[in-house]
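Enquirer: Mind looking at a prediction? Sequence and model below.
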Amino acid sequence: MKKLLNTLYITRQKSYLHKERETIVIKQGDDKLGQFPAISIGNILCFGQVSVSPFLMGYCGEQGIGLAFYTAYGKFLARVQGRQAGNVLLRRAQYRWADDEEKSVSIARLMVAAKIANGRSVLMREIRNHGENALLSEAVSKLAVSLRRAQHAQSVSEAMGIEGDAASTYFGIFNELLRGSGFVFGGRVRRPPTDPVNALLSYIYTLITHECSYALQGVGLDPYVGYLHQDRPGRVSLALDLLEEFRAPWADRFVLTLINRKQLQSNDFITEASGAVRLTDDARKILLTAWQERKQTEVMHPYLEEKVPIGLLPHCQVMLLARHIRGDTEYYPPYLVK
């Protein structure tokens with residue numbers, strides 16, 4: 001099993017990263033903020049005004065260390081990529097499958113079904129923990145219908161339509177799950193997020209998409225060619241496909257935990273003149289610290305039947321997807337929670 005390496009989240013503005021012997025050094029002006037063994041680092045995510053030495057960029061590309069740049073809001077900008085890893089025959093098979101509607105929908109319907117089932121599990125968990133709720137129970141029933149429809153989708157566009165209906169049902173009652181004072185969710189708003197809950201969801205979805213993208217590159221799959229999301233220049237479609245399985249059980253539950261345990265308060269967010277809402281610098285540090293801890297939590301993988309850290313789930317699913325595309329397995333087993 002792959003070892004879960006550390007991720008460095010660089011949020012201190014005007015920081016500078018460079019390589020010193022076999023370590024990665026973080027500085028701000030003349031002050032050294034940290035120094036870490038390069039062998040223990042799997043990813044470096046830079047937010048805002050962060051500079052990286054050209055030599056360190058080259059080293060990260062050569063060693064397969066993920067290096068990505070984001071705005072202070074968490075919008076993806078760019079990443080450093082080294083030589084393409086993996087078997088070219090696998091990528092050729094991936095491209096052929098993406099051009100085949102029948103093969104594409106065979107994977108797409110499973111990913112959509114997993115997303116709906118996992119969202120339904122989050123709502124059912126809430127009912128078990130806090131008692132009956134008419135709105136939640138109604139949503140659970142609607143999602144059960146969507147789940148059955150998704151399992152029999154005959155085209156990718158049909159699967160996407162079912163996914164959209166299910167997302168509308170799920171986020172339509174998401175406010176019922178919030179227990180932190182000052183947090184109100186009126187619906188999913190993405191570009192830009194206009195309330196704290198949407199800001200948190202978008203931020204965490206971005207982090208998981210990054211994890212999925214690097215996991216795909218690790219086995220040699222092309223993150224830009226997907227089966228559910230259509231090709232679009234600059235969009236990591238296959239990484240977004242995989243994200244669907246992780247939204248509810250990983251991202252949404254993490255956001256609910258931060259809010260309901262009052263780890264973040266409503267005053268931890270700033271509203272810009274444009275209406276966009278973002279985390280304060282201190283709040284972002286709280287979030288990323290909790291995120292790293294969450295990634296270390298072990299869960300039982302339903303298909304592999306072994307305990308793995310949550311942070312390795314993208315690598316597990318990518319491995320299973322590659323096996324399916326190579327023809328080693330009849331079906332792709334998406335990630336499902338009970």
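Expert: Received, thanks.
Enquirer: For the closest residue to Ala153 other than its chain neighbours, give me its contacts.
Expert: Leaving aside its sequence neighbours, Ala153 sits nearest to Ala159 (Cβ to Cβ, 6 or more residues apart in numbering; 4.0 Å). C-betas here are computed from N, CA, C, even on glycine. By Cβ atoms under 8 Å, 6 or more residues apart in numbering, the contact list for Ala159 reads 105, 108-109, 112, 150, 153, 228.
Enquirer: now, which of those residues sits nearest Thr297?
Expert: Closest approach between these and Thr297, by Cβ to Cβ: Val112, at 26.1 Å.
Enquirer: The closest one touches Glu244, doesn't it?
Expert: Yes: proximity of Val112 to Glu244 meets the contact threshold set by Cβ atoms under 8 Å, at 6.8 Å.
Enquirer: In terms of neighbours, single out the busier of these two.
Expert: Neighbour count, other Cβ atoms under 10 Å: between Val112 and Glu244, Val112 has more, with 31 against 23.
Enquirer: So what's the predicted local confidence for that one?
Expert: Note on Val112: pLDDT of 95.
Enquirer: cool, the one 5 residues further on as well?
Expert: Per-residue confidence at Ala117 stands at 95 (pLDDT).
Enquirer: and it, what element?
Expert: helix 101-130 (DSSP states H and E).
Enquirer: check contacts around Pro9.
Expert: Actually, residue 9 is Tyr. It isn't Pro. So Tyr9 contacts 45, 47, 288, 291-292 (Cβ under 8 Å, 6+ apart).
Enquirer: For Lys27, give the beta-bridge partners.
Expert: Counting by DSSP bridges, Lys27 is bridged to Tyr16, Lys32.
Enquirer: From what I see, it and Tyr16 are in contact.
Expert: Yes: using Cβ under 8 Å, Lys27 is in contact with Tyr16, at 4.9 Å.
Enquirer: Number of residues surrounding Ser104?
Expert: 18.
Enquirer: How about the one 3 residues further on?
Expert: By other Cβ under 10 Å, the residues close to Ile107 number 24.
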